[in-house]
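Engineer: Have a look; sequence and predicted model below, questions after that.
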Amino acid sequence: MVRGVIRIGSISFLVVAVVLLLGSLLWRMVIRPPVSAERQPGSGRVIQLRVLNGAGVPGLARQVQQYLRRRGFDVVEATNAPTPQPQSLVLDHYGDSLAAARVCYALGLAPTAVRQEIDSDLVLNCSVIIGYDWQQLRPFR
């Protein structure tokens, strides 16, 4: 009798574990797939960007820099923004809307958070400005 209860408990545990793993895989691959940090698929050229802290909270830019680097982006600088920023946004410096959209997706920003500011003097694809809404971004959820 005791062995039967242990066996049923073990089987139940395995079934729950398998369901959780399959759910996690489905979530990761279909519902919220990982973002590619490449400028164009298969090009090998990684999106380069900088992160600016416009919220005034110490260490935010560094945290976002580390988050994006773990996802394959080339974050060349993390510093303070010259002025406070109420909403987080992505500045597109090359007119490369795909790169800007990938950065938005990685951070959990809406596509409307992209502003085009073409600057041929910069060697960066994008700049991310972290605003007062920083707690809603993926690195902080």
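Structural biologist: Yes, it's here. In this text the structure is predicted, and so the values were computed from the model without any measurement. Numbering: from 1, shown residues only.
Engineer: Could you list the domains of this protein?
Structural biologist: Segmentation of the chain into domains, based on automatic domain parsing, reads 1-33, 48-140.
Engineer: how about the ones you listed in CSV, adding mean pLDDT?
Structural biologist: Shown next, in CSV, are the domains of the chain (pLDDT from 0 to 100):
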stretch, mean pLDDT
domain 1-33, 57
domain 48-140, 95
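Engineer: Mean neighbour count, these: which tops it?
Structural biologist: domain 48-140 (a mean of 18; mean count of other C-beta atoms under 10 Å). Any C-beta I mention is one placed from the backbone N, CA and C, and that applies to glycine too.
Engineer: What's the end-to-end length of that one?
Structural biologist: Domain 48-140 has an end-to-end distance of 22 Å (C-alpha to C-alpha, to the nearest Å).
Engineer: how far out from the middle of the chain is that domain?
Structural biologist: Taking the mean of its C-alpha atoms, domain 48-140 sits 10 Å from the chain's own mean (C-alpha atoms, centre = their mean, to the nearest Å).
Engineer: Stretch 133-141 now?
Structural biologist: The chain centroid and the centroid of stretch 133-141 are separated by 10 Å, computed with C-alpha atoms, centre = their mean.
Engineer: now the end-to-end length of it.
Structural biologist: Stretch 133-141 stretches 12 Å from its first residue to its last (C-alpha to C-alpha).
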